[in-house]
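Participant: I'd like to go over a predicted model; first the sequence, then the structure.
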Amino acid sequence: MKKYVVIGSSAAGVNGIRELRKYDREAEIVLISKDSEIYSRCILHEYLSGMRSIDRLRFVEKDFETLYRVTWKKGLEAVGLDRAAKEVILGDGTRESYDKLLIATGSHTFFPPIKNMAGSPNMIGFRNIDDIEVLKEAVKTKKHIVILGSGLVGIDCATGLLHLGVKTVLCDFAGWLLNKQLDHEAAQAYIDAFAAHGVEQHYGVGVDEVQINDDHEITAVVLSDGTVIPCDFFVVTAGVRSNVEFLQESGLELSRTGLVYDETGRTNDPDIFGAGDVSGLSPIWPVAVKEGMIAAANMAGVPEKMSDFFASKSTMRFLDISTMSLGEVNPDPADETVRVETYRKGDVYKKIVHRDGKIIGALLQGDLAYGGVLQQLIARQIDVRRVRKPLFDIDYSDFFHMHSDSYEFYYE
């Protein structure tokens with residue numbers, strides 16, 4: 001009987017366990033995690049705002065351990081890995097043996113070396129329940145909250161603070177919020193919506209330093225353009241670092257960002273796999289889920305591979321504005337091989353980026369119904385240059401009018 005060990009109880013680890021049990025009904029499965037609860041980090045802002053309890057953050061069945069026959073070692077941290085013995089070394093001094101190992105330890109907040117900031121008691125990250133508990137307590141007395149970073153985590157934080165009676169400020173070195181997922185036009189819808197809710201925003205600027213008092217508490221944030229922003233609590237969401245410290249002496253291949261593994265999840269050790277934020281490359285939830293499932297399938301001997309295109313897909317909804325982002329949405333304007341098609345009508349914005357007729361990126365905002373058509377265009381590898389009608393006028397009926405040999409649209 002095989003023994004699978006999974007380190008990490010978030011999206012990648014939990015979905016890996018589900019997949020392992022699907023493929024291997026008899027195996028022993030052990031879950032090791034620092035957390036004592038399983039919860040979704042994607043909706044931590046709803047716990048901050050009071051919309052959800054901790055119980056409603058759970059994304060697994062109440063009887064998860066029993067249902068999947070998992071031995072869960074809660075509140076334990078992996079501190080080392082003995083590959084020769086095939087054992088995980090735990091913080092309490094014990095060891096856990098394995099036949100196959102899935103490392104899904106995620107990441108932690110990176111606090112940049114900003115002048116005067118190190119050791120300040122009134123700053124926090126936004127990664128786990130403990131961070132949110134601190135922030136929930138802080139907003140009872142602190143009224144000027146500055147968030148460093150306007151990626152998905154930063155926007156989550158700003159959303160959670162909207163109705164808590166605090167002044168919220170977003171600042172980012174990038175030119176607009178969610179710059180990895182959105183172009184400037186799509187981002188502007190969110191920028192305007194947050195501004196309407198009283199959120200002050202500064203883009204294209206860094207934080208040069210923080211001002212502190214005699215107790216080393218942050219009192220103001222100084223931006224690179226000289227702007228001074230009052231601050232009595234500072235939230236850092238601008239960067240993360242993978243939780244791979246315990247692997248430093250293991251001989252597993254590590255990159256500048258984290259654990260290295262291929263499209264099957266396999267590392268340079270054939271019995272060890274990785275998934276999720278531990279790579280430092282794919283910080284969004286759907287990717288972590290998919291990577292965990294693919295790694296688990298391969299651990300169980302079922303060949304699966306990760307699609308690069310899937311890895312760059314994200315769907316978001318903030319302030320009642322829905323957006324889907326797929327692939328490369330901000331191509332180099334100097335790249336003459338790229339063609340960009342856009343559509344704008346009221347609050348609906350659509351964008352398709354293609355090279356040599358192949359779609360390499362897309363944005364949908366305000367109305368995601370076109371997403372089904374878009375998926376068909378991508379899945380069938382249709383050369384969009386051959387489409388004889390406006391690209392955004394295509395509907396499902398058009399897929400019944402194609403030459404089967406060339407996937408070229410035709411109309412009667």
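Facilitator: Perfect, thanks for sending it. Residues are numbered from 1 along each chain as shown.
Participant: What are the contacting residues of stretch 66-75?
Facilitator: 9, 17-18, 21, 28-36, 61, 64-65, 90, 96 (Cβ atoms under 8 Å, 6 or more residues apart in numbering). Placement of C-beta: from N, CA and C, glycine included.
Participant: same thing but at 6 Å, please
Facilitator: Ile17, Arg21, Ile29, Val30, Leu31, Ile32, Ser36, Glu61, Glu65 (Cβ atoms under 6 Å, 6 or more residues apart in numbering).
Participant: same question, stretch 95-108
Facilitator: Contacts for stretch 95-108 (Cβ under 6 Å, 6+ apart): 2-8, 10, 12-13, 16, 86-89, 240-243, 271-278, 295, 299.
Participant: which parts of that stretch are buried?
Facilitator: Glu96, Tyr98, Lys100, Leu101, Leu102, Ile103, Ala104, Thr105, Gly106, Ser107 (16 or more other Cβ atoms under 10 Å).
Participant: returning to that earlier point: rebuild the contacts of stretch 66-75 as CSV, extending it with neighbour count, secondary structure and pLDDT.
Facilitator: Converted to CSV, these look like this (neighbours: other Cβ atoms under 10 Å; DSSP: H, G, I helix; E, B strand; the rest coil; pLDDT from 0 to 100):
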residue, neighbour count, secondary structure, pLDDT
Ile17, 27, helix, 97
Arg21, 19, helix, 97
Ile29, 22, strand, 98
Val30, 19, strand, 98
Leu31, 26, strand, 98
Ile32, 24, strand, 97
Ser36, 11, coil, 82
Glu61, 12, coil, 85
Glu65, 16, helix, 90
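Participant: Between which two of the residues you listed is the distance greatest?
Facilitator: Greatest spatial distance among the contacts of stretch 66-75 (Cβ to Cβ): Arg21 and Ser36, at 21.5 Å.
Participant: Quick check: of the buried residues of stretch 95-108, which lies closest to Gly372?
Facilitator: Nearest member of those to Gly372, counting by Cβ to Cβ, is Ala104, at 31.0 Å.
Participant: next one: phi and psi at that closest one?
Facilitator: Phi and psi for Ala104, reported as degrees, to the nearest 10, are phi -130, psi 50.
Participant: what's the answer for the one 5 residues further on, then?
Facilitator: The phi/psi pair for Thr109 (degrees, to the nearest 10) reads phi -70, psi 140.
Participant: how about Gly265, what does it touch?
Facilitator: Phe273, Ala275, Ile294, Ala295, Asn298.
Participant: residue nearest the centroid of the chain?
Facilitator: Ile284 (1.9 Å; Cα atoms, centre = their mean).
Participant: Helix or strand: which one has the residue nearest to that residue when sequence neighbours are not counted?
Facilitator: Distances taken as Cβ to Cβ, 6 or more residues apart in numbering place Ser314 nearest to Ile284, at 5.0 Å, with adjacent residues excluded. If you go by DSSP states H and E, Ser314 is part of strand 313-318.
Participant: Please name every helix or strand in contact with that strand.
Facilitator: If contacts are counted by 3 or more Cβ pairs under 6 Å, 6 or more residues apart in numbering; DSSP states H and E, strand 313-318 sits against strand 321-327.
Participant: Who are the packing partners of the strand it packs on?
Facilitator: strand 313-318, strand 358-365.
Participant: okay, and for the stretch 201-350 of the chain, where does confidence drop off?
Facilitator: Applying pLDDT under 70 to the stretch 201-350 of the chain picks out residues 282-283, 308-312.
Participant: redo that, cut-off 90
Facilitator: 238-240, 280-288, 306-315, 326-327 (pLDDT under 90).
Participant: mind listing the strands in it by residue range?
Facilitator: 207-212, 218-223, 228-230, 233-236, 240-242, 272-274, 313-318, 321-327, 338-345, 348-355 (DSSP state E, counting those that start in this stretch).
Participant: contacts for the second one?
Facilitator: Taking Cβ under 6 Å, 6+ apart as the criterion, the residues outside strand 218-223 that touch it are 120, 122, 146, 205, 207-213, 228-231, 234.
Participant: Greatest separation within the residues you listed: which pair is it?
Facilitator: Checking the contacts of strand 218-223 with Cβ to Cβ, the most distant pair is Val205 and Asn213, at 23.7 Å.
Participant: The two - which one has more neighbours?
Facilitator: Val205 (15 against 12; other Cβ atoms under 10 Å).
Participant: So what does the more buried one have for phi and psi?
Facilitator: phi -140, psi 150.
Participant: Surely it is in contact with Thr227?
Facilitator: No. Val205 is beyond contact range of Thr227, at 7.2 Å (criterion: Cβ atoms under 6 Å).
Participant: Enumerate every residue touching Tyr370.
Facilitator: By Cβ under 6 Å, 6+ apart, the neighbours of Tyr370 are Leu364.
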